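S.K.: just to be clear, the model below is a prediction. Sequence and coordinates:
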Amino acid sequence: MLKLWRWYSSCLAAHPVKTQVISSGLIWGVGDIGAQAITHSAARSQRTREDDDREFKINWKRTAATSLFGFAFVGPIGNYWYEGLDRYIRFKLMLKPNSFRFVATKVAVDGFIFGPLDLAAFFTYMGFASGKSFPQIKEDVKRDFLPALVLEGGIWPIVQVANFRFVPVRYQLLYVNVFCLLDSCLLSWIEQQQDAPWKEWIKSFLPVKEEKRQNG
């Protein structure tokens, strides 16, 4: 295991972008297989007894599509994002590394900018990858984006505090990708929930202003 880590570190030092791209693609692919297994298990309660005996089979097309998202988006964008965010906080805002303000600012910027962008890109890309039309994807994003953002908003800030405080910048994307193994399972579960009541409850807070405008 130690030899593997040294090999990864040497690859990261010699070819940072390429290494981040490949590792992101592989990790997101593995995460999708786990997400499919969880979705399969969660859907049992909604199937008939005859279907309950159906064996779990990996949807390799979906896994390839998810892996491609890791290769094409998470790897390159994540690499430049964490490097650029660190430089901006250090040299533009002139905050002391590892200080409370340094870490808190990183967490806030990451949560308000990269988090929503990553979610929107994921749901949109997966919609196109599964052959859905643009109107269908738009409805899926409207249905799933806010619930996912709310749930992840209670998880990722805690994850990122440890990331930005203790993990060197060049390993921060790897750290995030490891947690994305769990996150991809969460996103798949959210998608599988369709129009669950808890989603409607979360979204019910959005139209309040619009209703007031219409009534006014």
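M.R.: Sure thing, it's come through.
S.K.: looking at per-residue confidence, what score does Arg62 get?
M.R.: Note on Arg62: pLDDT of 87.
S.K.: and what of Ala196?
M.R.: Predicted confidence (pLDDT) for Ala196: 62.
S.K.: and Tyr171, by the same measure?
M.R.: Note on Tyr171: pLDDT of 95.
S.K.: that one: neighbouring residues, count only.
M.R.: The number of residues packed near Tyr171 is 14, by other CB atoms under 10 Å. C-beta: built from backbone N, CA, C; applies to glycine.
S.K.: now do the contacts for Cys185.
M.R.: Residues in contact with Cys185 (CB atoms under 8 Å, 6 or more residues apart in numbering) are 31, 34-35, 38.
S.K.: what's the longest helix in this protein?
M.R.: When the chain is parsed with DSSP state H, its longest helix is helix 16-42.
S.K.: which other helices and strands does the helix or strand that Arg143 is a member of contact?
M.R.: Arg143 is part of helix 134-153 when elements are defined by DSSP states H and E. Under the contact definition 3 or more CB pairs under 8 Å, 6 or more residues apart in numbering; DSSP states H and E, helix 134-153 sits against helix 115-129, helix 172-192, helix 197-203.
S.K.: quick one: least confident helix or strand in this structure?
M.R.: helix 208-215 (a mean of 46; mean pLDDT, DSSP states H and E).
S.K.: ok, the residue nearest to Leu174 when sequence neighbours are not counted - contacts?
M.R.: Closest residue in space to Leu174, ignoring its immediate chain neighbours: Ser23 at 6.2 Å, by CB to CB, 6 or more residues apart in numbering. Residues near Ser23 by CB under 8 Å, 6+ apart: 8, 75, 174, 177.
S.K.: can you count the residues close to the second one?
M.R.: The one in question is Gly75. Neighbour count for Gly75, taken as other CB under 10 Å: 25.
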